[in-house]
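Asks: Need the 3D shape of this:
(one chain, ligands or ions: 3)
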Amino acid sequence: MKGILLVNLGSPKSTSEEDVRVYLREFLMDKRVIDIPWLLRKMIVELTILPKRPKESARAYQNIWWDEGSPLVVISKNLTKKIEEKIKNPIALAMRYQEPSIKNGLTKLADKGVTEVLVIPLYPQYAMSTTETVVEKAKEVQKKYFPNLNISFLPPFYNDEKYIEVLSNSIKKHLPKSFDLLLFSYHGVPERHIYKTDPTKQCRIDNICCFEKERTSHKYCYRHQCYYVTEKVREKLGLDKTKIRQSFQSRLGRSPWLHPYTDKTLEKLPAEGFTHIAVVAPAFVADCLETLEELAITDKELFIKNGGKEFHYIECLNEDENWVEWLVDKINIFINQ
Ligand SMILES: C=CC1=C(C)c2cc3[nH]c(cc4nc(cc5[nH]c(cc1n2)c(C)c5CCC(=O)O)C(CCC(=O)O)=C4C)c(C)c3C=C
Ligand SMILES: [Fe+2]
Ligand SMILES: [Fe+2]
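Replies: Ligands and ions are numbered 1, 2, ... in the order given. Have a look, this model is predicted:
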């Protein structure tokens, strides 16, 4: 029998400083997130990040936590339930970090007699810190604990026409009547991750390859995939190029990340005459710390402090009916093939 495993990033178990530390340790010790040799990574994580960051992050999580738990996990669970009601085959949810784990999700499916699993990493764009780490972890768990289970993966869907339509319609539904500018803010990655995953080794941050129409490197280029989504959604919404901007948020550490940075962009927009803005975050399919806290609270304050008047945060796809339908369609193709 065929089954489905949805995989999202994951959250700490609670907003306590200790649970946040445990979560950050697992997350940041992933070699596809901080891609340096193990000993150096361990030293940086344990000696420079974990002494202070868990306290700050715990406070941030406390600002957005729901009665039922982490927004990202709660939304992902609700999404799974909605899909479950529309398909005949078993479906389970897993998180790349913390609980429910990928092993836990595969166990649930195997216990129901599933022998073939479609793993769906819940990321529209490919990055070594998102899709790749989910794929590699799922393969590792399968090999170790479920040798008789067949697994395959839904590839990044940033260029799926129907997905673009679903995203555009959701944004349209939440756009305010009048605004000066729509900002597309994507989670950033270190620039070196773009070079590292480029099979052609030709993509350079300062040249235009990421904007070109066809290129082998696009399949593994997070930067291109973000530009693609922005451009296609802009076209679908019928917005002039002057009405949109794209930026990258949530950087960590001192090395250069993808530019322009969201916070720096927001500081400058009011002086450029953009005081009423709407902000959307299409790298996330579910609202989370990075959208509800970083964007909708911290970055909003920054924008207002710099002369902005209106900051309208547009929610992620979350449990949108058309998004559920899109996933159900992909699942049915797998089940019926
Ligand atoms: C959507 C795509 C994501 C990419 C790409 C990504 C890369 C990436 N992230 C970090 C460091 C942190 N990210 C944190 C939170 C976080 N990141 C994503 C998604 C992507 N990350 C999500 C959905 C979340 C929110 C989780 C939640 O519980 O709501 C955090 C933890 C919070 C904090 O302390 O700020 C860190 C740290 C790196 C280093 C990286 C690329 C290499
Ligand atoms: Fe992140
Ligand atoms: Fe590129």
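Asks: What strand or helix carries Ala92?
Replies: strand 91-95 (DSSP states H and E).
Asks: Please list the residues outside the helix or strand just after that strand that contact it.
Replies: Next helix or strand after strand 91-95 toward the C-terminus (DSSP H and E): helix 102-111. The contact list for helix 102-111, computed with CB atoms under 8 Å, 6 or more residues apart in numbering, reads 3-5, 7, 90, 92-96, 117, 134, 137-138, 141-142, 145-146, 149. C-beta: built from backbone N, CA, C; applies to glycine.
Asks: and helix 102-111, which residues are buried?
Replies: Buried residues in helix 102-111, defined by neighbour count with 16 or more other CB atoms under 10 Å: Ile102, Lys103, Gly105, Leu106, Thr107, Lys108, Leu109, Ala110.
Asks: swap in stretch 187-198?
Replies: So stretch 187-198, judged by 16+ other CB under 10 Å, has buried residues His187, Gly188, Val189, Pro190, Glu191, His193, Ile194, Thr197, Asp198.
Asks: Over to stretch 72-83?
Replies: Leu72, Val73, Val74, Ile75, Ser76, Lys77, Asn78, Leu79, Thr80, Lys82, Ile83.
Asks: Looking at the residues you listed, which one is closest to Ile314?
Replies: Nearest to Ile314 among those: Ile75, at 15.0 Å, using CB to CB.
Asks: measure that closest one to Thr230 for me?
Replies: Going from Ile75 to Thr230 by CB to CB, to the nearest Å gives 23 Å.
Asks: Asp30 now?
Replies: From Asp30 to Thr230 the distance is 27 Å (CB to CB).
Asks: so what's the residue positioned nearest the centre of the chain up against?
Replies: The centroid of the chain falls nearest to Phe284 when counting by CA atoms, centre = their mean (3.6 Å). Taking CB under 8 Å, 6+ apart, we find Phe284 in contact with His187, Glu290, Thr291, Cys316.
Asks: Pretty sure the first one sits against Ser247.
Replies: No: shown here, His187 and Ser247 do not form a contact pair, counting by CB atoms under 8 Å, at 10.8 Å.
Asks: Moving along the chain from the helix or strand Leu39 falls within, name the first helix or strand you hit.
Replies: Following DSSP H and E, one finds Leu39 within helix 38-43. Moving toward the C-terminus from helix 38-43, the first helix or strand encountered (DSSP H and E) is helix 53-64.
Asks: Quick check: residues of the protein near ligand 3?
Replies: Remark: the part of the chain in contact with ligand 3 comprises Cys203, Cys209, Cys210, Cys221, His224, using CB under 5 Å from the ion.
Asks: Show only the entries of these found in helices.
Replies: His224 (DSSP state H).
Asks: Redo the residues of the chain next to ligand 3 as JSON lines? Include distance to Trp38.
Replies: Listed next are the residues of the chain next to ligand 3 as JSON lines, based on distance: CB to CB, whole Å:
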{"residue": "Cys203", "distance to Trp38": "27"}
{"residue": "Cys209", "distance to Trp38": "32"}
{"residue": "Cys210", "distance to Trp38": "31"}
{"residue": "Cys221", "distance to Trp38": "27"}
{"residue": "His224", "distance to Trp38": "30"}
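Asks: Right, I'll leave it there.
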